[in-house]
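Q: pasted the sequence and its predicted model underneath.
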Amino acid sequence: MLEGKNVLLAISASIAAYKSAFLCRILIKKGANVKVLMTPQSADFITPLTLSTLSKNPVYKDYYKTDTGEWNNHVDLAKWADFMLLAPATENTLAKMAKGICDNLLLACYFSMENRVFFAPSMDLDMFKHPANQENIAKLQSFGNILIPAEYGELASGLVGEGRMADVENIVAFVEKQMEQKWKGVKVLLTAGPTYEAIDPVRFIGNHSSGKMGYALADELILRGAEVTLVSGPTSLSTNPKVKVHSVVSASEMFEKVESNYQDVDVVIMSAAVSDYTPVTAYDRKIKKKEDSLNIQLQPTKDILKFLGENKKKQKLIGFALETDNELANAKVKLERKNLDFIVLNSMQDKGAGFGGNTNKITILSKDNKQFEFELKTKAEVAIDILNTIEPYCV
Ligand code: CTP
């Protein structure tokens, strides 16, 4: 997949820069032509000599060659590259890329790139989750740059959390997958987020689902070349502009949108936390406070996934199950009852799993009785695990 590809390996100043040597080595072994770009400060972490030796090419760090005065043509370098791989990507370099600041050769090349740019963030957990950094990452993604998700684990500071540069093997696998576009032409219908069931014009019955898992799946599916339709309950999230989004509020609206898109798709992933009940009456005026207790009568909503299972033709169906007790047994019952191909189980017993947070811990059960267990990971990494597991059955 990387054989003969021209790769600009761009390195900014993080301790993870030492891993760029291994990254360079793997790319070369895979048959890629590698030219290394460095920010001036990154040379404090790894020497240009190491990288020029491994890449078998000069290393580009300054605007001009100090001995001859000849300039390093950033436009030619950018045009040469089939893709740029920025690893490690520091908070500073990402911020400059997001804001259009061009004060070194690496940035000049970035702003001249016409082909794909991948970036693998590397920073301490508090820096990583700072809203300014998260905003910059989202902005870079909206420009079409491709995020290689940071991993969860021990950081150089000794703290444990999200922000560690993805493992070099994972970076290469990620890039290969992206270049491969295995899901090209596959139509996927995805649901995400909670549903809100109106009690009156100001109140509703809802749940704590943030939609992050479903949105991470949407992003990952786009990277793999799928055509994605996302039916989303109320969330504050945004997604890749290539995703066709239908925003809905209630379970019945979600049912309608899913049903109308169902015939045309190859794969359905129901990650939404659909309300099981809805008020029999939604009052059109705000319910006023009274002294005595208030009863709200609820009726069941339609089970969307069960409906899809009963009306399944060619589609592969993937459901989610959030359980507190007898997790595996309950998930298995759901898999069978709803005629699914896979079910992704989150256990509320697992710390860091479930609603709201950025991490999740899952087990996937398949209809042919296989069981796949995964560690606690970021939701972006979990999306990769889910798609890697179902991919052989779906594409
Ligand atoms: N689901 C659905 N429609 C509903 C309720 C759930 O499509 N009205 C889907 C969810 O999107 C999820 C799967 O069914 O993919 C399992 O949801 P979950 O809430 O775990 O299970 P339920 O079937 O609702 O059963 P229970 O709440 O009793 O565990």
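A: All right, it came through fine. Since we're looking at a predicted model, the values are computed, not measured. Residues are numbered from 1 along each chain as shown.

Q: pLDDT on the lengthiest helix in the chain, on average?
A: Scanning the chain for the helix with the most residues, using DSSP state H, yields helix 379-394. The average pLDDT within helix 379-394 is 91.

Q: just stretch 186-193 next, same as before
A: Computed over stretch 186-193, the average pLDDT equals 98.

Q: who's in contact with it?
A: 209-211, 213-215, 217-218, 221, 225-235, 237, 254, 258, 261-262, 264-274, 304, 394-395 (Cβ atoms under 8 Å, 6 or more residues apart in numbering). Backbone N, C-alpha and C define where each C-beta goes, glycine included.

Q: just the helices from this protein, written as ranges.
A: Counting by DSSP H, the helices of the chain are 20-29, 48-55, 74-80, 91-99, 105-112, 125-129, 131-142, 168-180, 212-223, 251-262, 304-310, 327-337, 379-394.

Q: need these in CSV with distance to Tyr196, can you?
A: CSV is the format used below for the helices of the chain (distance: least, Cβ to Cβ, whole Å):
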stretch, distance to Tyr196
helix 20-29, 45
helix 48-55, 53
helix 74-80, 47
helix 91-99, 33
helix 105-112, 42
helix 125-129, 27
helix 131-142, 25
helix 168-180, 35
helix 212-223, 16
helix 251-262, 9
helix 304-310, 15
helix 327-337, 23
helix 379-394, 22
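
Q: just the ones you listed: most buried one?
A: helix 212-223 (a mean of 25; mean count of other Cβ atoms under 10 Å).

Q: give me the spatial nearest neighbour of Gly233, chain neighbours excluded.
A: Gly193 (3.4 Å; Cβ to Cβ, 6 or more residues apart in numbering).

Q: next, count neighbours for that neighbour.
A: By other Cβ atoms under 10 Å, the residues close to Gly193 number 30.

Q: likewise the one 5 residues further on?
A: Ala198 sits with 17 neighbouring residues when counted by other Cβ under 10 Å.

Q: what's the answer for Lys5, then?
A: 18.

Q: low-scoring stretches of this structure, by residue?
A: For the chain, the stretches with pLDDT under 70 are 354, 356.

Q: and it, which of its residues are near the ligand?
A: Counting by Cβ under 6 Å from any ligand atom, the chain comes close to the ligand at 251, 270, 272, 274, 276, 301, 303-305, 319-322, 334.

Q: show the buried residues in those.
A: Neighbour-count burial (16 or more other Cβ atoms under 10 Å) applied to those gives 251, 270, 272, 274, 301, 303-305, 319-322, 334.

Q: residue of the stretch 51-200 of the chain with the smallest distance to the ligand?
A: Nearest to the ligand, among the residues of the stretch 51-200 of the chain, is Thr191, at 6.3 Å (Cβ to the nearest ligand atom).

Q: what bridges to that residue?
A: Val231, Met270 (DSSP bridges).

Q: quick check: most distant residue from the centroid of this structure.
A: Outermost residue of the chain with respect to the C-alpha centroid, by Cα atoms, centre = their mean, is Glu291; its distance is 48.8 Å.

Q: now that one: how far from Gln297?
A: 20 Å (Cβ to Cβ, to the nearest Å).

Q: then Leu189?
A: 32 Å.

Q: go on, Tyr63?
A: For Tyr63 relative to Gln297 (Cβ to Cβ), the value is 72 Å.

Q: give me the more crowded residue out of those two.
A: Legend: neighbour count by other Cβ under 10 Å for Tyr63 and Gln297, higher for Tyr63 (12 against 8).

Q: based on its surroundings, how many neighbours for Ile146?
A: 20.

Q: which residue ranges make up the domains of this protein?
A: 6-178, 187-394 (automatic domain parsing).

Q: returning to what we had before: can you get me a residue count around the residue of the stretch 51-200 of the chain closest to the ligand?
A: The burial count for Thr191: 28, using other Cβ under 10 Å.

Q: try Arg203
A: Using other Cβ under 10 Å, the number of residues around Arg203 comes to 16.

Q: OK, contacts around it?
A: Here Arg203 is in contact with 286-287 (criterion: Cβ under 8 Å, 6+ apart).

Q: which residues touch Lys56?
A: So Lys56 contacts 28, 34 (Cβ under 8 Å, 6+ apart).

Q: for Arg25, see how far away it is.
A: 11 Å.

Q: same check, this time on Asn170
A: 15 Å.
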